[in-house]
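Trainee: Here's a sequence, model it:
(2 chains)
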2 protein chains.
Amino acid sequence: VIALIPLEGLPLVERGADLAALILDALGRQSLALRAGDVLVVAQKIVSKAEGRAVRLDEVTPSDEATQLAARAEKDPRLVELILGESREVLRTRPGLIVVEDRRGFVCANAGIDRSNVQQTEAGETVALLPLDPDASAASLRGELAACSGVEVGVIINDSHGRAWREGTVGVAIGAAGVPVIVDRRGDRDLTGYTLQHTVIGLADEIAAAASLLMGPAAEGVPVVLIRGLELTGRPGQARDIQRPRELDLFR
Amino acid sequence: VIALIPLEGLPLVERGADLAALILDALGRQSLALRAGDVLVVAQKIVSKAEGRAVRLDEVTPSDEATQLAARAEKDPRLVELILGESREVLRTRPGLIVVEDRRGFVCANAGIDRSNVQQTEAGETVALLPLDPDASAASLRGELAACSGVEVGVIINDSHGRAWREGTVGVAIGAAGVPVIVDRRGDRDLTGYTLQHTVIGLADEIAAAASLLMGPAAEGVPVVLIRGLELTGRPGQARDIQRPRELDLFR
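Mentor: Alright, predicted model coming up:
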């Protein structure tokens, strides 16, 4: 049995917040202690905020390129300026949507910056950009959790991505530490003794999607999910390993 | 808390098997009774087998088209003949991979027929094609479970699909009944009061991916997972609702 356990009552996360401490506090209030084999899935949004990746929209001056693209995409030019700054390449545009390869190498909508990341504060509208290096963020959080609790757990930072051919977003891993990410079952045999020739499982993405069931669209209220009971086999990897090399991409 | 509970000890499924009875027997052996709100995720493979979708490879005669495509894709021409028969259109080909729009409208590799679906039997190699209408299969199973148990649960039939830009397959819903499939959160407000403009969640796919964590690559041993504790809101849908209309597909 696998249990997906929502962490309740985390405070709103601000720049410089100690996520490891906040998570361990929340676990303690639920009378939970980390165990080896646990995986914590943490919503991108709170990692971004803790890392100070919030930008005030009224401090952004859109370039000509951003202004033109914003007209085609029917978006706020300041948001598009930020999207371009976070992207290596714009792949497709249609009203409401700009699909990019972001600076981390992920193909995603709006470089992970959408209107649900806009927050109205006293200082004006702010937008949370993705963590600069989500794998490093996950490794750092894992290290701090181990230092404070003595237990080495897996950490996945998740976000919601759209898909090329399927409606709706699903949770995916954008950062990972201490968890197998891509599990290669090529060469394993199934029950009938037949050799599976090509079974490569996106394990970290499946874990990220499972956690999203509790997080909801904007991770309201539940930005961290503890997953207990996974049987993890295989070497730990990084979320960057999930990025398909461009030369193997048949659909760009 | 959401619990993902593997159903243990299901027998190998053969043509004509009564899946509802097999599932209720397995639940009984684990001292579990269905409850309203439960979702059963059932691996495509056993649905296909119960529906008699197994085909003997030595009874397949490849067409010229299949033989030529098989050479390019480095696949068994008989398998390619079956893939073409299950597809509306071939979208991309590379060695080891044929990406199609299948007859149900799903964009997937090899029309869901890969070597892990090949079974060596006394009668020779057999391959399990996907159910003809997985939404109907899910609705039928849901109806039979309700008739036998008196409880209306959700049913999802899942399979593993590759993605355009990400390595590894993940569980997705190819059939659904009694479960919200696409949850449209456009117009909901997040904690900060900001209106989310475009948040459409692929809920059934996230449920399918979560179940895949227990099923493994070829659903060895665990072809059914009971999911308990989901808070399902929204109208039930069908997996065909997940198919992005071709005119909105930016990546074909």
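Trainee: quick check, distance from the helix or strand containing A:Leu213 to the centre of its chain.
Mentor: Assigned by DSSP states H and E, A:Leu213 belongs to helix A:203-215. Remark: helix A:203-215 is offset 10 Å from the chain centroid, using Cα atoms, centre = their mean, to the nearest Å.
Trainee: I figured A:Ala54 hits A:Thr126, correct?
Mentor: Yes - A:Ala54 is within contact range of A:Thr126, at 4.6 Å (criterion: Cβ atoms under 8 Å). C-beta here means a position set from N, CA and C on the backbone, and glycine is covered the same way.
Trainee: quick revisit: output the contacting helices and strands for the helix holding A:Leu213.
Mentor: For helix A:203-215, the elements it packs on are strand A:2-6, strand A:39-43, strand A:154-161, strand A:170-177, strand A:224-228, strand B:2-6, strand B:170-177, helix B:203-215, judged by 3 or more Cβ pairs under 8 Å, 6 or more residues apart in numbering or on different chains; DSSP states H and E.
Trainee: mean confidence score for it?
Mentor: Over the span of helix A:203-215, the pLDDT mean works out to 97.
Trainee: again, but for stretch A:147-162
Mentor: So the average pLDDT for stretch A:147-162 ends up being 97.
Trainee: now swap in stretch A:6-13 and tell me
Mentor: The average pLDDT for stretch A:6-13 rounds to 92.
Trainee: ok, residues contacting that stretch?
Mentor: A:19, A:22-23, A:26-27, A:29-30, A:46, A:49-50, A:214, A:221-226, B:1, B:191 (Cβ atoms under 8 Å, 6 or more residues apart in numbering or on different chains).
Trainee: Can you read off the pLDDT for the closest residue to A:Pro223 other than its chain neighbours?
Mentor: Computed as Cβ to Cβ, 6 or more residues apart in numbering or on different chains, the closest residue to A:Pro223 that is not its neighbour in sequence is A:Ala43, at 4.0 Å. pLDDT for A:Ala43: 95.
Trainee: burial count for A:Ala43?
Mentor: 27 (other Cβ atoms under 10 Å in any protein chain shown).
Trainee: What of A:Arg244?
Mentor: A count of nearby residues for A:Arg244, using other Cβ under 10 Å, gives 19.
Trainee: next one: A:Gly234
Mentor: The burial count for A:Gly234: 14, using other Cβ under 10 Å.
Trainee: Can you tell me the closest non-neighbouring residue to the residue of the stretch 51-200 of chain A found nearest chain B?
Mentor: Residue nearest to chain B within the stretch 51-200 of chain A: A:Gly168 (2.8 Å; Cβ to the nearest Cβ). Nearest residue to A:Gly168 in three dimensions, chain neighbours excluded: B:Gly202, at 2.8 Å (Cβ to Cβ, 6+ apart).
Trainee: That neighbour against A:Val172, yeah?
Mentor: No - between B:Gly202 and A:Val172 there is no contact under Cβ under 8 Å: 11.0 Å.
Trainee: At which residues are the strands of chain A located?
Mentor: Using DSSP state E, the strands assigned to chain A run over residues A:2-6, A:39-43, A:54-56, A:87-94, A:97-102, A:107-109, A:118-121, A:124-128, A:154-161, A:170-177, A:183-184, A:200-201, A:224-228.
Trainee: Could you tell me the least trusted of these?
Mentor: Minimum mean pLDDT among the strands of chain A: strand A:118-121, a mean of 68.
Trainee: center of chain A - which residue?
Mentor: A:Asn158 (2.6 Å; Cα atoms, centre = their mean).
Trainee: contacting residues for the nearest residue to that residue once chain neighbours are set aside?
Mentor: Nearest non-adjacent residue to A:Asn158, counting by Cβ to Cβ, 6+ apart: A:Ala208, 3.8 Å away. Contacts for A:Ala208 (Cβ under 8 Å, 6+ apart) come out as A:41, A:156, A:158, A:171-173.
Trainee: returning to that earlier point: the strands of chain A: which one's closest to A:Ala70?
Mentor: strand A:97-102 (9.0 Å; Cβ to Cβ).
Trainee: Summarise which helices and strands that closest one is packed against.
Mentor: Judged by 3+ Cβ pairs under 8 Å, 6+ apart, the packing partners of strand A:97-102 are helix A:64-73, helix A:77-85, strand A:87-94, strand A:107-109.
Trainee: partners of it, with directions?
Mentor: According to DSSP bridges, strand A:97-102 forms sheet pairs with strand A:87-94 (antiparallel), strand A:107-109 (antiparallel).
Trainee: Tell me where the longest helix sits in chain A.
Mentor: Across chain A, the longest stretch assigned as helix under DSSP state H is helix A:134-149.
Trainee: okay, the helices and strands packed on helix A:203-215 in JSON lines with distance to B:Gln243 next?
Mentor: Compiled in JSON lines, the helices and strands packed on helix A:203-215 are given as follows (distance: least, Cβ to Cβ, whole Å):
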{"stretch": "strand A:2-6", "distance to B:Gln243": "27"}
{"stretch": "strand A:39-43", "distance to B:Gln243": "28"}
{"stretch": "strand A:154-161", "distance to B:Gln243": "18"}
{"stretch": "strand A:170-177", "distance to B:Gln243": "15"}
{"stretch": "strand A:224-228", "distance to B:Gln243": "29"}
{"stretch": "strand B:2-6", "distance to B:Gln243": "26"}
{"stretch": "strand B:170-177", "distance to B:Gln243": "10"}
{"stretch": "helix B:203-215", "distance to B:Gln243": "12"}
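Trainee: So which of those is nearest A:Leu91?
Mentor: Between A:Leu91 and these, the shortest gap by Cβ to Cβ is with strand A:154-161, which sits at 13.4 Å.
Trainee: Tally up the residues packed near A:Leu57, please.
Mentor: Neighbours of A:Leu57 (other Cβ under 10 Å): 16.
Trainee: and the nearest residue to it once chain neighbours are set aside, what are its bridge partners?
Mentor: Take A:Leu57 and drop its neighbours on the chain: the residue closest to it by Cβ to Cβ, 6+ apart is A:Glu125, 4.3 Å away. Per DSSP bridges, the residues bridged to A:Glu125 are A:Gln120.
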